[in-house]
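what follows is a predicted structure for the sequence shown.
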Amino acid sequence: MTASLAGCGTALVTPFRLDGALDEDALRLLVARQLDAGINYLVPCGSTGEAATLSLEEHARVVRVVADVVRGRVPVVAGAGASDTARAVALGQASVSAGATHLLVVSPMYNKPPQRGLLAHFRSVADACGVPIVLYNVPGRTAGNIDAATVLELSADPRFVAVKEASGDLDQVDTILASAPAAFLTLSGDDALTLPIMAMGGHGVISVVSNLFPAAMVELTRAIARGDLIAARAIHRALRPIMAAAFVESNPIPAKAALATEGLLREVLRLPLVPLADAPRTVLARAMAATQRALDALSSRATLSSVSS
């Protein structure tokens with residue numbers, strides 16, 4: 001299934017009921033909406049899914065619900081991130097038992113291990129869980145970078161099939177692209193960098209914006225993959241307002257606010273995350289409207305008919 005991680009995967013939000021419990025009905029509808037839009041794979045229980053606030057049992061339940069709806073049609077790349085390796089292993093094993101086909105393993109936050117500690121961490125999860133691993137580099141959340149040399153060392157091991165790169169360092173991304181095995185995928189972890197990273201030879205994106213505009217993000221990656229940069233630039237520019245506004249406060253606060261406005265879930269987050277403040281809510285609403293207008297304009301052209309969400 002490694003090749004199927006190319007394209008657009010959605011970092012799913014986790015919907016909650018008003019009492020704070022998992023809203024399984026809303027989650028099923030969100031997954032079905034993603035599948036209808038042609039998403040390439042789904043990524044539950046990452047930072048967008050508020051995984052740090054989920055119990056082990058809730059984590060496994062989210063993965064099971066997603067896998068039940070997917071029914072093998074696309075990969076399920078479950079988050080297995082923790083600041084200590086034992087918990088990452090436990091999350092990974094529970095996710096695999098619940099139906100995950102791959103694991104997304106972020107570098108341990110807070111502990112700030114050296115690179116040899118990162119190597120040991122990732123290998124321990126791979127040893128214990130037995131499914132392909134996607135590395136996740138997001139220094140803005142973990143306070144530590146996975147150096148390109150570390151990614152390249154792991155890329156030689158076939159158990160490690162991809163890296164989600166959210167460092168924002170295009171030179172680091174290019175170093176990985178230049179030297180990694182052909183089968184190893186480099187995925188953007190930042191919606192706004194999907195176009196440049198794929199133009200450099202990257203393979204896709206694990207997207208937040210695709211929670212909101214899944215068909216457009218899918219078509220963006222397809223256009224770049226087929227070399228149609230004119231179409232890709234047009235879609236990218238149509239999506240730019242929401243690519244910015246989706247991070248006007250900490251992810252997934254804006255994404256949940258937008259989905260709630262569309263009636264797809266309740267705007268319930270777990271502390272310490274809180275609902276979107278009034279000023280950024282106005283920014284988000286304007287960005288959603290601007291993006292939809294731009295996508296509708298593109299959809300009026302026969303060659304870009306699939307981008308509207």
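Arrived safely.

for the rest of this, base every contact and every neighbour count on C-alpha atoms.
Noted.

per-residue pLDDT, the residue nearest to Leu27 when sequence neighbours are not counted?
Counting by Cα to Cα, 6 or more residues apart in numbering, Leu27 lies nearest to Pro15, which is 6.1 Å off, once chain neighbours are set aside. pLDDT, Pro15: 98.

just Lys164 next, same as before
98.

Ala60 against Gln93, yeah?
No - look at Ala60 against Gln93 with Cα atoms under 8 Å: they stay out of range, at 9.2 Å.

ok, the two, which is more surrounded?
Ala60 (24 against 20; other Cα atoms under 10 Å).

what about that one, distance to Pro44?
Separation of Ala60 from Pro44 (Cα to Cα, to the nearest Å): 10 Å.

packing partners of the helix or strand where Asp127 lies?
In the assignment (DSSP states H and E), Asp127 maps to helix 115-129. Other helices and strands packing on helix 115-129, by 3 or more Cα pairs under 8 Å, 6 or more residues apart in numbering; DSSP states H and E, are helix 85-98, helix 148-155.

if you count contacts, what does whichever helix or strand comes after the shortest one end up packed against?
Remark: after helix 148-155, the chain's next helix or strand is strand 160-165, criterion DSSP H and E. The contact analysis (3+ Cα pairs under 8 Å, 6+ apart) places strand 160-165 against strand 133-137, helix 148-155, strand 185-188.

list the buried residues for strand 160-165?
160-165 (16 or more other Cα atoms under 10 Å).

got the CA positions of the helix or strand just after it in PDB?
Going down the chain from strand 160-165, the next helix or strand is helix 170-179, by DSSP H and E. The C-alpha coordinates for helix 170-179 follow below in PDB (Å, rounded to 0.1, in the frame of the first residue of the first chain):
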ATOM      1  CA  LEU A 170      12.600  23.400   1.900                       C
ATOM      2  CA  ASP A 171      16.400  22.800   1.800                       C
ATOM      3  CA  GLN A 172      15.900  19.900   4.200                       C
ATOM      4  CA  VAL A 173      13.000  18.600   2.200                       C
ATOM      5  CA  ASP A 174      15.200  18.700  -1.000                       C
ATOM      6  CA  THR A 175      18.000  16.900   0.800                       C
ATOM      7  CA  ILE A 176      15.700  14.100   1.600                       C
ATOM      8  CA  LEU A 177      14.200  14.000  -2.000                       C
ATOM      9  CA  ALA A 178      17.700  14.000  -3.500                       C
ATOM     10  CA  SER A 179      18.900  10.900  -1.600                       C
END
